[in-house]
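Trainee: just the structure for this:
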Amino acid sequence: MKHLNHLKPFATLLMFSFIANILTAQKIAINSVDDLPKRTYTIEEAQYLDVLNNKTLMQTLSTDLEANLLTDLDKYDITDPSTLKNYYNTLRRLAMRAENYDKALSFIPKIKELCDKESEKILTGVGTIAKVDAIRSTGQKDGPEFQEAYTKNLRSAYGSLPYEIVEERLLQMKASMEYISTDLITGSINTQLQPMIDNLEGEWDEAFIASAFEYENMLENVIPNKDILLTVITEVVEKNSANKKEKVNIWTERNIDFPRESAEQLNETVIAVWDTGVDMNVFDASNVFTNNSTNANGIYFDKEGYQSDSPLFSSIEVTTEISQLEDLTEGSYDMRINAQTEKAEAFKKYMQQLKEEDMKVFFEDITWFGTYSHGTHVAGIAQAGNPGAKILNARLEYATTTVPEPPTLEKSKRWANMYTETVDYFKNNGVKVVNMSWRYGKEGYEKVLMVNGIGENQEEREKLAADCFNMERDALYSAIKNAPEILFVCGSGNENNNVDFAEYIPAGFDLPNLITIGAVDMEGKKASFTTVGGSVDFYANGHRIESFIPGGKRLKFSGTSMASPQVANLAGKLLSLNPELKPQDIIDYIEAGSEMTLEEVKLINPKKSVEALVSKMMKDEGHE
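Mentor: The predicted model follows:
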């Protein structure tokens with residue numbers, strides 16, 4: 001049998017593969033966030049910061065959390081990359097805390113394999129490796145010798161990276177180091193987290209436990225060494241700035257606008273902006289939908305699900321000046337995408353001097369303003385460059401307070417009815433395209449119930465959340481399904497997760513008249529924040545898109561909320577050229593103009609899509 005010896009390695013490989021398949025098959029499949037195990041931990045401490053400072057308690061929690069996460073990985077087949085990264089990052093953090101450096105380093109390759117963005121993959125673990133090497137070479141975790149070695153390691157590591165790929169994330173790290181401080185973190189904990197903790201009655205969700213170790217790491221490791229990291233990254237940025245190539249905005253050539261004087265040759269197309277309300281006064285009257293029966297510009301509902309007369313998101317009494325909120329809101333968007341702008345710098349400086357007693361009010365002010373202005377900004381994008389478009393305002397509303405208002409069965413019934421009534425309104429008023437730059441999932445309802453102290457236990461909260469969410473989901477799904485003549489366009493989300501695993505609505509719906517849009521930057525590269533997944537059909541620019549806010553001022557916002565209405569805009573332009581197009585026709589023309597990138601994202605190209613339609617129309621008319 002010697003002549004078969006060469007097959008032994010192959011046979012062994014098959015055997016191991018067979019065993020691995022058996023072990024995997026024995027695991028419980030986790031196909032959605034709802035399938036993940038849910039745990040709470042009993043905490044007697046009433047204050048979040050007291051928990052962080054109680055080292056005995058933190059050690060106990062570390063042991064319990066690590067054991068639970070490792071058990072999950074052994075028991076469940078978790079295929080969602082974002083969820084697995086969270087598991088491995090938490091385990092890496094716990095291993096570093098326990099000074100088990102080999103274990104901490106072992107998680108880095110696993111995390112890298114799960115990264116779908118090249119810059120994230122390259123930067124993962126760089127700081128951890130530099131720190132471990134410094135600790136091992138000096139035998140110290142702090143002090144001058146450690147700091148010198150740590151600085152040297154960071155310079156070598158960051159200096160050798162491909163700057164053109166990692167630039168955005170390095171700038172993000174730099175920006176964070178420039179304004180983060182102990183006061184900012186503790187203030188945020190006291191004003192943002194503590195109000196939620198107060199309602200938990202000593203039963204903390206595991207997410208709060210995991211975040212405790214993240215905050216502990218920030219306070220005890222990141223901030224004490226932030227000057228080192230800031231110095232090194234600044235050196236790398238400045239060294240490369242002289243030779244840096246200017247980014248090319250690919251969207252300039254892809255965009256196509258119809259001149260205002262072509263309005264008479266275009267067909268009127270009603271585009272509904274289902275959002276937080278639209279200030280119609282910012283638009284030319286010819287681009288505003290008006291219901292002849294009610295003289296209203298659409299249909300409006302308040303946060304309780306009752307029909308309203310107000311076309312705009314409800315106002316609150318803000319402490320921060322509106323003009324300042326305008327600039328700070330744009331600056332916060334710029335910070336998220338690492339845009340080096342004056343408003344981003346102003347936002348950083350504002351955060352640096354923000355006192356704890358002012359934080360809660362400020363965060364609620366800026367959250368309200370971002371929501372209040374959101375609908376008008378989205379509407380401006382949906383209408384831009386199309387004199388044939390008529391914007392219909394479909395307003396919905398939700399709370400913007402630190403502790404969100406909880407769902408109830410009664411409220412969910414009204415929201416379910418709101419979804420049905422709103423889509424019926426679309427059908428009765430000739431709407432052809434609807435933009436929906438919002439999404440949510442059942443997990444969010446569970447969290448809101450928890451932080452409001454509702455439910456005797458986790459099982460009770462899960463049931464109530466499911467009853468509320470499923471009622472709303474089913475109503476929205478049915479309403480959209482029963483409007484096959486309307487194309488619904490929605491944003492995927494800005495959580496850098498998977499839309500299907502998160503079970504977002506409406507973004508995760510599989511319907512022939514609904515498409516979901518992710519975000520890329522000005523170069524067409526996948527945005528660091530964009531939610532991805534199989535349900536994401538196309539990608540559009542979500543990078544500093546200028547549009548109106550209530551009152552007529554124009555600001556630049558970023559996100560999938562800005563990417564989605566660009567596709568709705570394209571759909572509107574196609575319909576203004578040919579009002580006979582059905583949703584599938586529109587999707588086909590968007591597809592015809594799009595292109596697949598190396599990152600496997602399908603980028604829209606409005607100009608090519610319009611050209612494809614015009615070519616088809618000319619051919620049909622006998623013009624070759």
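Trainee: quick one: residue 190 from residue 50, how far?
Mentor: Separation of residue 190 from residue 50 (CB to CB, to the nearest Å) stands at 11 Å. C-betas here are computed from N, CA, C, even on glycine.
Trainee: to clarify, my last question referred to residue 508.
Mentor: Distance, residue 508 to residue 50, by CB to CB: 40 Å.
Trainee: neighbour count: those two, which is higher?
Mentor: Neighbours were counted for residue 508 and for residue 50 using other CB atoms under 10 Å; residue 508 has more, 26 against 12.
Trainee: give the contact list for that one.
Mentor: By CB atoms under 8 Å, 6 or more residues apart in numbering, residue 508 lies in contact with 499, 500, 502, 516, 533, 535.
Trainee: list the ones among those that fall in strands.
Mentor: residue 516 (DSSP state E).
Trainee: surely residue 273 and residue 381 touch.
Mentor: No - the pair residue 273 / residue 381 is not scored as a contact, 9.2 Å apart, by CB atoms under 8 Å.
Trainee: so the residue most central in space within the chain: helix, strand or coil?
Mentor: Nearest to the geometric centre of the chain sits residue 494, at 1.1 Å (CA atoms, centre = their mean). Using DSSP: H, G, I helix; E, B strand; the rest coil, the structure places residue 494 in coil.
Trainee: please pull up the helix or strand immediately following the lowest-mean-pLDDT helix or strand in the chain.
Mentor: Least confident element among the helices and strands of the chain, by mean pLDDT, DSSP states H and E: helix 8-26 (a mean of 50). With elements assigned by DSSP states H and E, the helix or strand that comes after helix 8-26 is strand 28-30.
Trainee: tell me what that next one is packed against?
Mentor: strand 76-78 (3 or more CB pairs under 8 Å, 6 or more residues apart in numbering; DSSP states H and E).
Trainee: report the mean confidence score over the strand it packs on.
Mentor: Mean pLDDT, strand 76-78: 95.
Trainee: same deal with stretch 485-504?
Mentor: In this model, stretch 485-504 carries a mean pLDDT of 96.
Trainee: what about it, start to end distance?
Mentor: From its first residue to its last, stretch 485-504 covers 23 Å (CA to CA, to the nearest Å).
Trainee: in that stretch, what counts as buried?
Mentor: Buried residues in stretch 485-504, counting neighbours by 16 or more other CB atoms under 10 Å, are found at 486-494, 496-504.
Trainee: how about stretch 600-619?
Mentor: 601, 602, 603, 604, 605, 606, 608, 609, 610, 612, 613.
Trainee: please apply the same query to stretch 152-164.
Mentor: Buried, per 16+ other CB under 10 Å, within stretch 152-164: 153, 154, 155, 157, 158, 161, 163.
Trainee: next one: stretch 202-213
Mentor: Of all the residues in stretch 202-213, those buried under the rule 16+ other CB under 10 Å are 204, 205, 206, 208, 209, 210, 211, 212, 213.
Trainee: just flag the most distant two among those.
Mentor: Pairwise distances across the buried residues of stretch 202-213 peak at 14.3 Å for 205 and 213 (criterion: CB to CB).
Trainee: test my guess that residue 524 contacts residue 598.
Mentor: No - judged on CB under 8 Å, residue 524 makes no contact with residue 598 at a distance of 9.9 Å.
Trainee: neighbour count winner among the two?
Mentor: residue 524 (22 against 8).
Trainee: what helix or strand is that one located in?
Mentor: Here residue 524 is assigned to no helix or strand, by DSSP H and E.
Trainee: for it, which non-adjacent residue is closest in space?
Mentor: Sequence neighbours aside, residue 250 is the residue nearest to residue 524 in space, at 4.9 Å (criterion: CB to CB, 6 or more residues apart in numbering).
Trainee: what touches both of residue 273 and residue 381?
Mentor: In terms of CB under 8 Å, 6+ apart, residue 273 and residue 381 are both contacted by the residues residue 565.
Trainee: pick out whichever of these two has more residues nearby.
Mentor: Higher neighbour count among residue 273 and residue 381: residue 273, with 31 against 27, using other CB under 10 Å.
Trainee: can you give me the neighbour number for the closest residue in space to the more buried one that isn't next to it in sequence?
Mentor: Among residues not flanking residue 273 along the chain, residue 379 sits closest, at 4.3 Å (CB to CB, 6+ apart). A count of nearby residues for residue 379, using other CB under 10 Å, gives 31.
Trainee: mind listing what residue 379 touches?
Mentor: 273, 275, 278, 283, 391, 393, 547, 548, 565.
Trainee: do residue 88 as well
Mentor: By CB under 8 Å, 6+ apart, the contact set of residue 88 is 107, 110, 111, 114.
Trainee: rerun that using 6 Å as the cut-off
Mentor: 107, 110, 111 (CB atoms under 6 Å, 6 or more residues apart in numbering).
Trainee: returning to that earlier point: please list the members of the contacts of residue 379 that lie in strands.
Mentor: The strands, defined by DSSP E, take in 273, 275, 391, 393, 547, 548 from the contacts of residue 379.
Trainee: JSON lines please, covering the residues you listed and showing pLDDT.
Mentor: Shown next, in JSON lines, are the ones in strands among the contacts of residue 379 (pLDDT from 0 to 100):
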{"residue": "273", "pLDDT": "98"}
{"residue": "275", "pLDDT": "97"}
{"residue": "391", "pLDDT": "98"}
{"residue": "393", "pLDDT": "97"}
{"residue": "547", "pLDDT": "98"}
{"residue": "548", "pLDDT": "98"}
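Trainee: export these to TSV and tack on distance to residue 29?
Mentor: Below are those laid out as TSV (distance: CB to CB, whole Å):
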residue	distance to residue 29
273	39
275	36
391	44
393	43
547	43
548	46
